[in-house]
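K.L.:
Here is the input, now give the coordinates:
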Amino acid sequence: MLFHGRGISRGRGSGEILVSPAPISFLSGVNPDTGVVVERGHPLEGESISGKVLAFGHGKGSTVGSYVLYALRRNGKAPAAIINTRADPIIAVGAIIGNIPMVDQPEVDILRFRNGILATVDGTSGEIEYEGEILPEPKG
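P.N.:
Got it, this is the predicted structure:
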């Protein structure tokens, strides 16, 4: 399946989708040395984002989060790509300086993506290639 969004950070990245139903804070929320989500109570607590296509609504927290994304890249633990519902400056700047392909405003709700499905994000064209079936739209 092919979906379109708005390209934010150029380049292509592929990996398994990892969806977060909650915003992510990279400062204190993700360990820059391991790529593991360490924020207590976060739905992805204990999960590695390294090499994944990380899909989440938006970021939260300090502007230092941009540098954590850069550190993740430098340490070889960055996500392969990022998909946001709505990019905020912290995540967009972090993706750009960390050379992490990023797209926002996809034409499908990110919560309809299934974890573990292979996807490729093209931050230059804004395209998301998704290798599986999406979840049905929630009723109500």
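K.L.:
Report how many residues lie close to residue 116.
P.N.:
11 (other C-beta atoms under 10 Å). For glycine as for every other residue, the C-beta is placed from the backbone atoms N, C-alpha and C.
K.L.:
which residue packs closest to it, ignoring adjacent ones?
P.N.:
Excluding the flanking residues, the one nearest residue 116 by C-beta to C-beta, 6 or more residues apart in numbering is residue 16, at 5.1 Å.
K.L.:
tell me, which strand in this structure spans the most residues?
P.N.:
In the chain, assigned by DSSP state E, the strand with the most residues is strand 12-20.
K.L.:
In the following helix or strand past that strand, which residues are buried?
P.N.:
Note on strand 12-20: by DSSP states H and E, the next helix or strand toward the C-terminus is strand 53-56. Residues of strand 53-56 classed as buried by neighbour count (16 or more other C-beta atoms under 10 Å): 53, 54, 55, 56.
K.L.:
which SSE is the closest residue to residue 117 other than its chain neighbours in?
P.N.:
Sequence neighbours aside, residue 132 is the residue nearest to residue 117 in space, at 3.9 Å (criterion: C-beta to C-beta, 6+ apart). Under the criterion of DSSP H and E, residue 132 resides outside all helices and strands.
K.L.:
So what pairs up with residue 37 in the strands?
P.N.:
Residues in a beta bridge with residue 37, per DSSP bridges, are residue 30.
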